[in-house]
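Peer 1: Here's my sequence, what's the structure:
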Amino acid sequence: MKLLYIQHTSTLSGAGKALLNIIEQMIKKDVEIHVVLPDTPGSLYNHLEELEVRYSKLPVTAWVWPSLNEIRDYCLFPCRLIKKIWNSWFFYKKLDELVRELRPDIIHTNVGVIHIGHFVARKHKIPHVWHMREYQDLDFNYKAFPSRRRFKKLLTESHCFPIAITQGVYNHHHLYNNSNARIIYDGVIEQDTLPIINFNKQKYFLFVGSISKGKGTLEAVCSFIKIAKEYPEFELWIAGTGTKRYLNFLKHYINQSDIHNQVKILGYRNDVYQLMTDAMALIVPSMFEGFGFITTEAMYNGCLVIGKDTAGTKEQFDNGLKYAKMEIGIRYHSENELSTEMSRICSAGIEQYFTVLKTAQKLVAKLYTTKKNADNLFDFYKKILNKHGE
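Peer 2: You can find the predicted model right below:
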């Protein structure tokens, strides 16, 4: 079996981690792999080279309308749109040449906002697996080009086989009417053995991920500010990166508060698992998390999760109720509720959640392993090829 994967970023974001996990498992199944990546800096190149996986750098372009958040965006909109159309055409041409050379059995686009793989697959009569990892409009404010209606129609074409990473994403893209579509949870956990839970936590709350509006970073900061004076020994640690503009805004906001010395922006960290292990809790305030890699990683590492009760975070919590018959984290709905939960932990300690930590760890290690994900995906590939050969 020969697979061509298309990835929208060369960094190890949630989608990048998921793809790398898939590739590592597919190698064990003797699948021949080639990866298309954008020509931008990122650590994913190094990982692919270590795995001896071939890759090509192409002008990968998201097929969404340019953003319109400021007056400047409206002024630059015509130029950005023309540039996007040109880049997309050039990407199509280069990908078409690569497919002619490689002749893959399946083209697998790893995110929903990249459309060119679909069109090239259609041209060459190759099955196209389209991984829906995001809500697009609800989480990132992406608007499909030329329209959401057109995008939904593409998902129903006979050569297209969509995968949703959660039931919520599946429903949002109306895949329930598509017999080709599947729900396959991401594989996050690799090890069969569970790490030892550290019950002697350090006095900090943790935020991990993209520092942005959509990920709710400001909500985490505002909620902590409300309780910080009452608990001066506690801190909020923010691990991740963001745009220079948003980082400057967030730093300015924090510096205007009286507790700026209790909030630490750590930047990118490669010791996130250790940070999770030692934290009092991980705050997941994303407005619409597609799946929630960090939620699973935190629970696996014995870290309590305080998560906004929406989208992928909610679905992971709901799976706790479904399979373990108990809550495996703390749900919240508003900024005030988040402050209340943080205050409760500061005053009463983490001991009250020891059973939650143990149950959550065992459950996510059962549901979200890389092997289970790869087995489901590989079976899907085989069914696709059998159907395509009929």
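Peer 1: Next, the buried residues of the longest helix anywhere in the chain.
Peer 2: With secondary structure taken from DSSP state H, the chain has its longest helix at helix 71-102. Within helix 71-102, the residues that qualify as buried are Lys84, Ser88, Phe91, Tyr92, Lys94, Leu95, Leu98, Val99, Leu102, counting by 16 or more other Cβ atoms under 10 Å. Glycine gets a C-beta too; all of them are placed from N, C-alpha and C.
Peer 1: ok, now stretch 244-264?
Peer 2: Buried, per 16+ other Cβ under 10 Å, within stretch 244-264: Tyr246, Leu247, Leu250, Ile254, Ser257, Ile259, Gln262, Val263.
Peer 1: Enumerate every residue touching the residue nearest to Tyr332 when sequence neighbours are not counted.
Peer 2: Ranked by Cβ to Cβ, 6 or more residues apart in numbering and with sequence neighbours excluded, the top spatial neighbour of Tyr332 is Leu338, at 4.7 Å. For Leu338, the contact set (Cβ atoms under 8 Å, 6 or more residues apart in numbering) comprises Glu219, Ala220, Ser223, Ile283, Pro285, Ile306, Lys308, Tyr332.
Peer 1: show me what contacts the first one?
Peer 2: Translated: Glu219. Pro285, Glu335, Leu338.
Peer 1: just the third one next, same as before
Peer 2: Going by Cβ under 8 Å, 6+ apart, Ser223 touches Ile283, Pro285, Glu335, Asn336, Leu338, Ser339, Met342.
Peer 1: Might you specify the subset of those located within strands?
Peer 2: The strands, defined by DSSP state E, take in Ile283 from those.
Peer 1: Is it possible to get the contacts of Ser223 out as CSV so that each row also shows distance to Gln352 and pLDDT?
Peer 2: As requested, the contacts of Ser223 are arranged in CSV below (distance: Cβ to Cβ, whole Å; pLDDT from 0 to 100):
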residue, distance to Gln352, pLDDT
Ile283, 18, 97
Pro285, 22, 94
Glu335, 23, 93
Asn336, 21, 94
Leu338, 18, 96
Ser339, 18, 95
Met342, 14, 95
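Peer 1: from the contacts of Ser223, which two are the most distant?
Peer 2: The largest separation in the contacts of Ser223, counting by Cβ to Cβ, is between Ile283 and Asn336 at 14.3 Å.
Peer 1: List the buried residues for the host helix or strand of Glu49?
Peer 2: Using DSSP states H and E, Glu49 falls within helix 44-50. Judged by neighbour count (16+ other Cβ under 10 Å), helix 44-50 contains these buried residues: Leu44, His47, Leu48.
Peer 1: Can you report how many residues lie near Lys143?
Peer 2: By other Cβ atoms under 10 Å, 16 other residues sit near Lys143.
Peer 1: low pLDDT regions in the stretch 151-300 of the chain?
Peer 2: Applying pLDDT under 70 to the stretch 151-300 of the chain flags the ranges 191-192.
Peer 1: What of the stretch 1-150 of the chain?
Peer 2: Ranges of the stretch 1-150 of the chain meeting pLDDT under 70: 138-141.
Peer 1: in it, which spans are helices?
Peer 2: 14-28, 44-50, 71-102, 116-123, 137-140, 148-155 (DSSP state H, counting those that start in this stretch).
Peer 1: buried stuff in the last one?
Peer 2: Right, helix 148-155. Phe151, Leu154, Leu155.
Peer 1: Could you do the first one as well?
Peer 2: Neighbour-count burial for helix 14-28, counted by 16+ other Cβ under 10 Å, picks out 14-26.
Peer 1: I'd like to know which of these is nearest to Tyr204.
Peer 2: Nearest member of these to Tyr204, counting by Cβ to Cβ, is Gly14, at 22.9 Å.
Peer 1: Check the gap between that closest one and Asp186 for me.
Peer 2: If you measure Gly14 against Asp186 using Cβ to Cβ, to the nearest Å, the figure is 8 Å.
Peer 1: so what sits against both of these two?
Peer 2: Joint contacts of Gly14 and Asp186 (Cβ under 8 Å, 6+ apart) are Phe291, Phe293.
Peer 1: Quick check: neighbours of the biggest strand by length in the chain in the sheet, parallel or antiparallel?
Peer 2: Assignment by DSSP E gives strand 32-38 as the longest strand of the chain. If you go by DSSP bridges, strand 32-38 pairs up with strand 2-6 (parallel), strand 54-58 (parallel).
Peer 1: for the spatially closest residue to Lys213 that is not a sequence neighbour, helix, strand, or coil?
Peer 2: Nearest residue to Lys213, sequence neighbours excluded (Cβ to Cβ, 6+ apart): Tyr246, at 7.1 Å. Three-state assignment for Tyr246 (DSSP: H, G, I helix; E, B strand; the rest coil): helix.
Peer 1: got a list of what Tyr246 touches?
Peer 2: Ile211, Ser212, Lys213.
Peer 1: Leu206 - that's part of a strand, no?
Peer 2: Yes. Leu206 forms part of a strand when assessed by three-state DSSP.
Peer 1: Let me know how buried it is, in neighbour terms.
Peer 2: Counted with other Cβ under 10 Å, Leu206 comes out at 25.
Peer 1: got it, and Ile189?
Peer 2: 23.
Peer 1: Correct me if wrong: Phe145 contacts Thr61.
Peer 2: No. At 10.2 Å, Phe145 does not count as touching Thr61 under the criterion of Cβ atoms under 8 Å.
Peer 1: what's the overlap in contacts for those two?
Peer 2: Lys84.
Peer 1: between these two, who's got more neighbours?
Peer 2: Thr61 (22 against 19).
Peer 1: I'd say the more buried one and Asn87 touch.
Peer 2: Yes. Contact between Thr61 and Asn87 holds when scored by Cβ under 8 Å: they sit 4.5 Å apart.
Peer 1: returning to that earlier point: so which of the contacts of Glu219 are in helices?
Peer 2: Glu335, Leu338.
Peer 1: of all the contacts of Glu219, which comes closest to Thr193?
Peer 2: Pro285 (31.1 Å).
Peer 1: Excluding covalently adjacent residues, which one is nearest to that closest one?
Peer 2: Gly216 (3.0 Å).
Peer 1: For that neighbour, which residues are in contact?
Peer 2: Val284, Pro285, Ser286, Met287, Lys308.
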